[in-house]
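In: return atomic coordinates for the entry below.
(3 chains)
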Amino acid sequence: MPSDEAGVGGGFPIASEARGVLEAARREGRALTETERAIAQIEAFTPEEAEARIRMAEAPPEDPGIRRPMVINLGPQHPSTHGVLRLITELDGEVILDIHPIVGYLHTGIEKQCENKTYWQAVTLVTRMDYLSPYFNTLAYCLAVERLLDLEIPDRAKFLRVIMCEVNRIASHLVWLGTSGLELGAISAFFYTYRERDKALDLGEMISGERMNTRYFQVGGCAQDMPDGFEGELRRFIGEMPSRIDEYEQLLSNNQIWLDRTRGVGILPVDELIGLGVTGPALRAAGVAHDLRKAAPYSGYEHFDFDVPVATDGDVYARYTVRIREMRESVRIIEQALDGIPEGRHIADDRKVVLPPREELAVSMEALIHHFKLVTEGFHVPAGEVYAAVESPRGEMGCYVVSDGGPKPYRCHMRDPSFVNLQALRPMAKGSYLADLIAMIGSMDNVMGGVDR
Amino acid sequence: MERADREGRGLSDLRDLIDASCPGAVVDEIESHGELTIEIARERLLEVARFLAAPPAAFRLLSDVACADFPDEPGRFRLAYQLYSLDSGARVRLRVWAGADDPEVDSVVPVWPTANWHEREVYDLMGVRFRGHPDLARIAMPDDWEGHPLRKDYPLGGEEVTFTDAV
Amino acid sequence: MALIPPPGTPIERAPRTDQSVDWDLKDPELADFVKRGLLMTTVDKISSWAQSSAIWPAGFGLACCAIEMMHMVTPRIDIARFGAELIRASPRQSDLMIVSGRVSQKMAPVLRHIYDQMLEPKWVISMGACASSGGVFNNYALVQGVDKIVPVDVYVPGCPPRPESLVEGIMLLQKKIGSGGQSSSRELWNAQTGKDAA
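Out: As a prediction, the model looks like this:
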């Protein structure tokens, strides 16, 4: 594809993109929308006007003395955008006038493909959506399906779910801390945090067989119980975690450069944040103590004693302190869960929904038939619709499942927190420096897999 | 069973509240699996939205806008707005049918700005237009894509896998 | 007793597990070859040794595989041992593009554009199932295999592949570039005389 350097803004093939956008608009017989105008980087209201302006832009400028905003493309391939996020940035020198986030570069069609899989198979697709919090994706989905089925989960399964979710929360916050540090120049933080994350992923591998993208949570409970040695490893992990978090704080919390770059950056008024639907640490850093684990407890969270860290400043530094404290609270929760985990089954007992244990397949005809039906056809879920929400490391992660009584979901829609939180980036960035934009993107902790699904 | 926290929140009189200030807007009220769904007539959506976002109901947080395609139903596209109240912790779902030919609904962006990208996604993947949306462009598919992928008559696509009928 | 060998007994060393790295030039012909030919190794071999020992990846992390790629850079696996820890942001300064993650229809032209911006010689590792073949997602939204867009040198399967798998992929690429990472004299000797490596 030839790259048209001439044209407004230059860089990524503007003129051919603009023409593609015009074609689409002309075909549908409508004017260009704001984002499309940004992509075509032209000010036009009808396709004909746009065409005229493109022709004009390809001609040399008449008066080089006019001060125009510089439009640069923080393209999808960028080391600091946390994935494939494209920001078309209008700059006046170093100050940002406006940004247009363009997403969709990781759109995977997960929701459509879930409609072709049985409820049990769909867990493997859903887990790959927000790839830093696979346990939370599957938990939201499994809670929704279990609610549709009116299925009771054994208490042991609930505690196991809580343990793995909190391990995931720690692992996800470690990635956020490492990459935020990396982007702002504190490269050591990256190496320190990933050392711990490897240990957390080892725990995940021990219990589920996979480091990332696990399908450990099933409809009805967990795929298997804690193997031997897991509890010892987990206790060792949470035993050393507080001192490691102290290490990270030593690196950053009172670091003058970190303070200068993150204090006062990215503040939005609380009403605007709520209006934009922001949830999670970004909202808690602005003073709203909203945590779904306390407000609408699920999976046994009401049994645990933990605090919800809240800050008042609402800037990037506040979000940093909130997430650090959340890691400490997660350690507390895991410890309480390990101490108090009840005996019992790791998955529900309902043979119509849950696979029978493999040992039974050799001796029981009924178990064999159940297994066969569940694997080939899947279990039928009564018709209805349910929205189940969990508190993921980024905010409210919800799953809206519509069932028509068959073995496959009729519609499975995931409400991803990054998708919604990213909308707050535009009002936050107006009027700030380009370097602050990088700090803001890091603090929103968006995972593009969740944004685009 | 884990339930959404709605016991004792007074949600049972939500329909009456809405009926009082927006008469005739509520078409149906469904309670199932511990959740409340209120179906609204298409033209009254913005009015009901404004009412619910303000006190006393104060559903300030719009969690999600989702759309399901029912090709056999007269309304075809069923939109679901998940609302959450920060003060009372109550959840409610608003349901609207957008219509089969030329599906169009009022945009709730003036009430909840978060609906901006949600409605863009519904437009991109389902084809439902939103009147009054500030920036209704495609968000997930490339700008010159034809068709709306999540509709039931749109094929799944991908490669054909030989010797198997698995997808 | 006879547990301590008497003085003068030849000391037996355990055989090296990796026979190709053999610094003991026991073979007199080999020793002669080394004396004669070490400084006359062809420029190709030196340059391929240099290229493979310092492959700089362009950062093209897309999805879950990118996180495992980041794990490869960090202390436990440490790709710096292979000279590849310098993930350049600019494709014009890198030689290797590790396509880590699912490539959607919208991203495909961007991928090709970045590949075109890289300078020769350049290599591509397709990391993960989604990049190699579309993976779990056989649908409208993804390009079913990045080799439809760019020529791929090494495919690393997995969902996501372990960082160790990716390192093996890079080691395979190093062999493909023309060197086993560090050319040993024995390898050069074997290549010249046609003897098989042990």
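
In: and residue 108, what is it in contact with?
Out: You didn't say which chain, so I picked chain A. Neighbouring residues of A:Thr108 by C-beta atoms under 8 Å, 6 or more residues apart in numbering or on different chains: A:128-129, A:449, A:452-453, C:102, C:104, C:137, C:139, C:141-142. To be clear about C-beta, it is placed using only N, CA and C from the backbone, and glycine gets the same treatment.

In: my bad, the chain I had in mind was chain C
Out: C:Ala108 neighbours (C-beta under 8 Å, 6+ apart): C:143, C:149.

In: again with A:Val354
Out: Applying C-beta under 8 Å, 6+ apart, the residues near A:Val354 are A:218-221, A:347-348, A:374.

In: which SS state does the residue nearest to A:Pro281 when sequence neighbours are not counted fall under?
Out: Using C-beta to C-beta, 6 or more residues apart in numbering or on different chains and skipping the chain neighbours, the partner closest in space to A:Pro281 is A:Val322 (4.6 Å). For A:Val322, the assignment made with DSSP: H, G, I helix; E, B strand; the rest coil gives helix.

In: chain C contacts on the stretch 51-200 of chain A?
Out: A:75-79, A:83-84, A:104-110, A:112-113, A:124-125, A:128, A:131-132, A:175, A:178-179, A:190-191, A:194-195, A:197-198 (C-beta under 8 Å from any C-beta of the partner chain).

In: and with 7 Å instead?
Out: For the stretch 51-200 of chain A, the residues in contact with chain C (C-beta under 7 Å from any C-beta of the partner chain) are A:76-77, A:79, A:84, A:104-109, A:112-113, A:124-125, A:128, A:131-132, A:175, A:191, A:194-195, A:198.

In: in strands, which of these fall?
Out: The strands, defined by DSSP state E, take in nothing from those.

In: pLDDT of stretch A:148-168, averaged?
Out: In this model, stretch A:148-168 carries a mean pLDDT of 92.

In: correction: the previous question concerned stretch A:176-196.
Out: 90.

In: for it, buried residues please.
Out: A:176-184, A:186, A:189-196 (16 or more other C-beta atoms under 10 Å in any protein chain shown).

In: show me these that map onto helices.
Out: The helices, defined by DSSP state H, take in A:176-184, A:189-196 from the buried residues of stretch A:176-196.

In: name the residues of chain C found near chain A, please.
Out: Residues of chain C lying near chain A (C-beta under 7 Å from any C-beta): C:59-60, C:62-64, C:67-68, C:70-71, C:74-76, C:89, C:102, C:104, C:106-107, C:109-110, C:112-114, C:136-137, C:139-142, C:159-160, C:162.

In: residues contacting the helix or strand bottoming out on mean pLDDT in chain B, please?
Out: Least confident helix or strand, chain B: helix B:14-21 with a mean of 82, by mean pLDDT, DSSP states H and E. The contact list for helix B:14-21, computed with C-beta atoms under 7 Å, 6 or more residues apart in numbering or on different chains, reads B:25-26, B:29, B:36, B:38, B:48, B:51, B:57, B:92.

In: and the angle for the next helix-or-strand element following it with helix B:14-21?
Out: Next helix or strand after helix B:14-21 toward the C-terminus (DSSP states H and E): strand B:26-32. Inter-element angle recorded for strand B:26-32 and helix B:14-21: 170 degrees (by axes from the mean of the first three to the mean of the last three C-alpha atoms, to 10 degrees).

In: what strands flank strand B:26-32, and is each parallel or antiparallel?
Out: strand B:35-40 (antiparallel) (DSSP bridges).

In: state the distance from the residue in chain B that chain A sits nearest to to A:Ala424.
Out: For chain B, the residue closest to chain A is B:Thr114, as judged by C-beta to the nearest C-beta, at 2.9 Å. According to C-beta to C-beta, to the nearest Å, B:Thr114 stands 9 Å off from A:Ala424.

In: give me every residue in the stretch 151-300 of chain A lying close to chain B.
Out: So the stretch 151-300 of chain A meets chain B at A:152, A:274-277, A:288, A:290, A:295-296, A:298-299 (C-beta under 7 Å from any C-beta).

In: separate out the buried members of those residues.
Out: Buried, going by 16+ other C-beta under 10 Å: A:274-277, A:288, A:290, A:295-296, A:298-299, out of these.

In: which ones among those residues lie within helices?
Out: Those of these lying in helices (DSSP H): A:274-275, A:295.

In: could you single out the nearest of these to B:Glu121?
Out: A:Gly275 (18.2 Å; C-beta to C-beta).

In: closest to A:Ser392 among the residues of the stretch 151-300 of chain A next to chain B?
Out: Once C-beta to C-beta is applied, the member of those that ends up nearest A:Ser392 is A:Tyr298, at 12.0 Å.

In: in the stretch 151-300 of chain A, which residue sits nearest chain B?
Out: For the stretch 151-300 of chain A, C-beta to the nearest C-beta, closest residue to chain B: A:Gly277, 2.9 Å.

In: swap in chain C?
Out: For chain C, C-beta to the nearest C-beta, closest residue to chain B: C:Tyr140, 3.0 Å.

In: and the contacts of the longest helix that chain C contains?
Out: For chain C, the longest helix by residue count, based on DSSP H, is helix C:163-177. Contact partners of helix C:163-177, identified using C-beta under 7 Å, 6+ apart, comprise C:48, C:51-52, C:55, C:68-69, C:71-72, C:77, C:79, C:82, C:84, C:123, C:125, C:127, C:153-154, C:156, C:158, C:181.
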